[in-house]
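J.: coords below, sequence missing:
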């Protein structure tokens, strides 16, 4: 099974507290680490969770509030001390790229790796692609321009059915095209259908990160059918008016998005510091969408395990 | 006794680790909090150490390396969320003021308090003064322009000797001038010397913060006679060449500064992350200057207790 793990580094809102760190996650895609938001203290959480700095390749910034990006300058400095090579690409709005570029130029001299910027825009756009995944922005509604991120695994190679390839005398050189889904044509010109020679690959997992946002039908439409949805639930249902005013969501609203989008599992996060426990938020969400869990610092989820 | 407490928020070098936070201290001067350097995560350490955000009045930045100032943007954001009023003055070089001003303007809108900048220069200058203390920069030698800070309590008011003022019939209105050190002149014109009517005040404590710096005779001269000296000891004595190359100090050099300056007590800090324990540094320093202690996160020192 190809590794796809979600690591929660921080799931608090606004400011670090003794219970929660500000927003940060690391999606481990086959040991290629993708950071999603990077609040103050994220580098320390990476260390705590034994996530290797050398494996970090991309940082996706949802919006330019400090609790989602103030950890980047320190992280870049630390990557330099760890003699990281290659590059790190920061996906952020133009304002964020400008601020980070100036900050890094001022403080981080002679980096042993390249910092690249991919300037993103609001709306839904493909912003990243490699052999394993695509990343598409999700339009969110917050007080400042904000996007979520939809991580989608690309179709995986099919599995060879060992008995069938032996019995049909398929040569070794044909295996790659078989795994890619092509039929096999014998030297005599007979077509042996791919379905006879291979087994289905693992399903392609999708993960949507939606923080920060008020309840939005556009979000539902953008995350319809995803496997895993992280949706902010800053407040409990009773604080609906405050949530609306501050362009955040309640637990019930997060669960409504999950239900109407038909996702498989919901992860709640971005908790207000007013809560000494998030059990109330969990209960309110489960009333609407039972397959809900709470994010927590240090939590690692195997996204293949649905 | 007038409160004068030193709180160690971070005493590691370069990058936060599982053992040490980057540089940050809070000097509590009669409940007026003065922050000295502010590495990433300092706001969380303030919370852990129960240091009130509302009491923070000044931030002194020794130099513009990230491990000494990357905590400021997040701290300012959090002060705003805590509805701090009044002002916070940040004492920093021109480059630092420009970077912080831009960052705060970009991320922290409508602050309920004023952020003021006091642009400092290298060398020895009086940069701050209030009723209780003065702060003077100490010239340090590092890879970038760097200063230390000498905090000096102002002369305190003398104590009234109750029996003597009664026996000399000194009226209430004369007490303040007595405490300020003036003689009392009776209605008949007789001079009663102050020394007869008052007792000595508490001594004026001095505290010098010196991080980061290579060994320097100018530092010795600037901290001569101080009560408490915090001096960086990034490396043990065996790593003298590395210390010199990176403009840091060894434990032995820190102790030599303390001995030659005739300070009362030495606090070692800014430890390299290579040490799993700083006992070796402590031993090497004590061989030269016995009255040495190690800084540690969460440590609070009563600077009146010498």
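T.: In hand now; what should we look at? Everything numeric in this text was worked out from a predicted model, so none of it was measured. Numbering: from 1, shown residues only, chains lettered A, B, ... in the order given.
J.: Residue numbers of chain A in contact with chain B?
T.: A:14-18, A:22, A:40-41, A:43-44, A:47-48, A:64-67, A:70-71, A:73-74, A:77-78, A:81, A:95, A:99, A:102-103, A:106-108 (C-beta under 8 Å from any C-beta of the partner chain). The way it works is simple: take the backbone N, C-alpha and C, and place the C-beta from them, glycine included.
J.: Return the subset of those lying in strands.
T.: Judged by DSSP state E, strands contain none of the residues of chain A next to chain B.
J.: Now the buried members of these.
T.: A:14-17, A:22, A:40-41, A:43-44, A:47, A:64-67, A:70-71, A:73-74, A:77-78, A:99, A:103, A:107-108 (16 or more other C-beta atoms under 10 Å in any protein chain shown).
J.: Next step: the residues you listed restricted to helices.
T.: A:43-44, A:47, A:66-67, A:73-74, A:77-78, A:99, A:103, A:107 (DSSP state H).
J.: Please identify which of those is nearest to residue A:301.
T.: residue A:47 (19.6 Å; C-beta to C-beta).
J.: From residue B:20, how far off is the closest one?
T.: Between residue A:47 and residue B:20 the computed distance is 12 Å (C-beta to C-beta, to the nearest Å).
J.: again, but for residue A:64
T.: For residue A:64 relative to residue B:20 (C-beta to C-beta), the value is 30 Å.
J.: can you give me the end-to-end distance of stretch A:259-267?
T.: This stretch, stretch A:259-267, spans 13 Å end to end (C-alpha to C-alpha, to the nearest Å).
J.: what does that stretch contact?
T.: For stretch A:259-267, contacts defined as C-beta atoms under 8 Å, 6 or more residues apart in numbering or on different chains pick out A:6, A:208, A:219-221, A:223-231, A:254-255, A:258, A:285, A:288-289, A:291-295, A:301, A:306.
J.: Recalculate using a threshold of 6 Å.
T.: A:220, A:223-230, A:258, A:288-289, A:291-293, A:295, A:306 (C-beta atoms under 6 Å, 6 or more residues apart in numbering or on different chains).
J.: Then stretch A:155-167?
T.: A:179, A:181, A:197-199, A:201-202, A:204.
J.: what's the answer for stretch A:176-189, then?
T.: Contacts of stretch A:176-189 (C-beta under 6 Å, 6+ apart): A:157-158, A:170, A:174, A:191-194, A:197-198.
J.: chain center to that stretch, what's the gap?
T.: Here stretch A:176-189 is found 35 Å from its chain centre; the criterion is C-alpha atoms, centre = their mean, to the nearest Å.
J.: buried set for it?
T.: Quick answer for stretch A:176-189 (16+ other C-beta under 10 Å): A:178-179, A:184.
J.: Can you give me the neighbour number for residue A:295?
T.: Neighbour count for residue A:295, taken as other C-beta atoms under 10 Å in any protein chain shown: 25.
J.: ugh, wrong one, residue A:195
T.: Going by other C-beta under 10 Å, the residues that sit close to residue A:195 add up to 12.
J.: could you say which helix or strand contains it?
T.: Using DSSP states H and E, residue A:195 sits in helix A:194-197.
J.: now do residue A:177
T.: helix A:175-179.
J.: What's the first helix or strand after that helix?
T.: Taking DSSP H and E, what comes next after helix A:175-179 is strand A:184-185.
J.: returning to that earlier point: drop anything exposed from the contacts of stretch A:259-267.
T.: So, by 16+ other C-beta under 10 Å, the buried ones in these are A:220, A:223, A:226-230, A:258, A:288-289, A:292, A:295.
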